[in-house]
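Trainee: Sequence and predicted structure below; questions after.
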Amino acid sequence: MRSKSSWHKSTLFFYLLFYCSINAQSYFALDVDNDLYFGTDRYYSSGIFLKYGKLKTQSRDSLSYWRYASSHWELGQEINTPASRLISNPDMLDYPYNGWLYIGFKQEYLHDFNFGMGWGVELGTTGSDASFSRILQNTYHKYVLDVNELTWVAAMPQAFHLNLKGNLMYSVPLTRKISWVQNTLLRLGTFRSSARLQTGLQYGNILGFPFFGERLESINEGTALFLGGALEYRMHNYAFSGSAFRENSPLDFTFQNYQTAFQLGLVYHSLDWRILTVLHVTSLDVMEQEYPRHTYLTIKITRLF
């Protein structure tokens, strides 16, 4: 007959195996920003991001303050176009053309579901051709939307960029299902340098910060709603004013240092999938914009494994 001690050891082994299997998570994600859902095609007109990440759960008896650590890799492209995108006279544009293609790495740490931090690096290039922005956007417009190609006249010139970033996330539970959540993001680099505060109320039965990056610390079925916004102070952004070290912008736009955004988000989470959508309504990037507000939608599909 099996001893009680052996039975307890076997039980402990299978518990640890099960615990590790549900926490040692990885993911692939497709994240798309676009304004075509609202019948427009201007300003921040497209963002496509392919992401992969993995969670490493530290031992419960570890002396480390950070209980969870996760690594994330990203290939992304952002496209900015004017509202007058068919005009070939650069003096009549209300917004600059710019393409930004990059690869990124991010490391994040969480003490618990209510407090975490991270750092990251991005390396990439601007330029209508170097970033593949012009050919991809015009191919999509011509063969999918069946509309005229964009002129991409006087686009921001090609240049290589290095960016660093760090963020701090925390939440304050107000009731069993309502929390006040906040993400502070600092960026420093040749493409963009800014300080951004995203905050709001989160309602639902999903733990942690499902609207702040790709969260892997808590995998459970449920939904959550986010209502809030963002305030950003932008010291520099190559997409709107060119290099911070030399005059290389083909046009002179009046860059807005402050930007505000209203955000409304919904996320559905299963054991294998996460589907997230966020509505963004942002203020001006440059004073010359014909339309003072810009609305676009984020749709993100994540496969967990």
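Mentor: Sure thing, it's come through. Numbers count the residues shown, from 1 in each chain.

Trainee: What ranges does the stretch 151-300 of the chain have for its helices?
Mentor: Counting by DSSP state H, counting those that start in this stretch, the stretch 151-300 of the chain has helices at residues 238-241.

Trainee: Just give me how far stretch 275-294 sits from the chain centre.
Mentor: Put simply, stretch 275-294 sits 15 Å off its chain's centre (Cα atoms, centre = their mean, to the nearest Å).

Trainee: Ends of it, what's the gap?
Mentor: Using Cα to Cα, to the nearest Å, one end of stretch 275-294 lies 23 Å from the other.

Trainee: Next: stretch 290-299.
Mentor: Length of stretch 290-299, first residue to last, Cα to Cα: 26 Å.

Trainee: Mind listing residues that contact that stretch?
Mentor: Outside of stretch 290-299, the residues within contact range by Cβ atoms under 8 Å, 6 or more residues apart in numbering are 31-35, 37-38, 40, 42-45, 83-84, 94, 265, 276-285. (Each C-beta comes from the backbone N, C-alpha and C, glycine too.)

Trainee: Buried ones in that stretch, by neighbour count?
Mentor: Neighbour-count burial for stretch 290-299, with 16 or more other Cβ atoms under 10 Å as criterion, is recorded at H294, T295, Y296, T298.

Trainee: just the residues you listed now: which is nearest M117?
Mentor: Top of the list for closeness to M117, among the buried residues of stretch 290-299 and by Cβ to Cβ, is T298 at 22.9 Å.

Trainee: ok, what's across the strand from the closest one?
Mentor: Using DSSP bridges, the bridge partners assigned to T298 are D33, V278.

Trainee: and it, how far is that from H161?
Mentor: The span separating T298 from H161 equals 23 Å under the rule Cβ to Cβ, to the nearest Å.

Trainee: contact partners of stretch 127-139?
Mentor: Counting contacts by Cβ under 8 Å, 6+ apart, the residues touching stretch 127-139 from outside are 45-46, 77, 79, 81, 97-101, 124-125, 149-150, 152, 155-159.

Trainee: on that earlier part again, using neighbour counts, trim the contacts of stretch 290-299 to the buried set.
Mentor: Using 16+ other Cβ under 10 Å, the buried members of those are 31, 33-35, 42-45, 83, 94, 265, 276, 278-280, 282-285.

Trainee: From the buried residues of stretch 290-299, pick the one nearest E214.
Mentor: Set against E214, the nearest of the buried residues of stretch 290-299 by Cβ to Cβ is T298 (13.0 Å).

Trainee: Per-residue confidence at the closest one, what does it come out as?
Mentor: The predicted structure scores T298 at 98 on the pLDDT scale.

Trainee: which residues does H269 form a beta bridge with?
Mentor: Note on H269: beta-bridge partners by DSSP bridges are G222, R274.

Trainee: For it, the count of nearby residues, please.
Mentor: Residue crowding around H269 was assessed by other Cβ atoms under 10 Å; the count is 24.

Trainee: Sketch out the low-pLDDT regions of the stretch 1-150 of the chain for me.
Mentor: Per-residue confidence for the stretch 1-150 of the chain (pLDDT under 70) gives these ranges: 1-24, 58-64.

Trainee: All the strands of it, in order from the start?
Mentor: 26-34, 43-57, 68-81, 98-112, 115-126 (DSSP state E, counting those that start in this stretch).

Trainee: okay, those in JSON lines with distance to D272 next?
Mentor: Shown next, in JSON lines, are those (distance: least, Cβ to Cβ, whole Å):
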{"stretch": "strand 26-34", "distance to D272": "10"}
{"stretch": "strand 43-57", "distance to D272": "15"}
{"stretch": "strand 68-81", "distance to D272": "18"}
{"stretch": "strand 98-112", "distance to D272": "22"}
{"stretch": "strand 115-126", "distance to D272": "23"}
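
Trainee: Setting aside sequence neighbours, what's the nearest residue to F262?
Mentor: Spatial nearest neighbour of F262, excluding adjacent residues (Cβ to Cβ, 6 or more residues apart in numbering): V281 at 4.4 Å.

Trainee: if I look at that neighbour, how far off is V181?
Mentor: As for V281, its distance to V181 is 19 Å (criterion: Cβ to Cβ).

Trainee: In contact with Y95, which residues?
Mentor: Applying Cβ under 8 Å, 6+ apart, one finds that Y95 lies in contact with R42, Y43, N80, T81, P82, A83, F253, D285, V286, E288, Q289.

Trainee: for D285, same thing?
Mentor: Residues touching D285, when contacts are defined by Cβ under 8 Å, 6+ apart, comprise Y43, Y44, N80, Y95, N237, F240, F255, Q256, Q259, H294.
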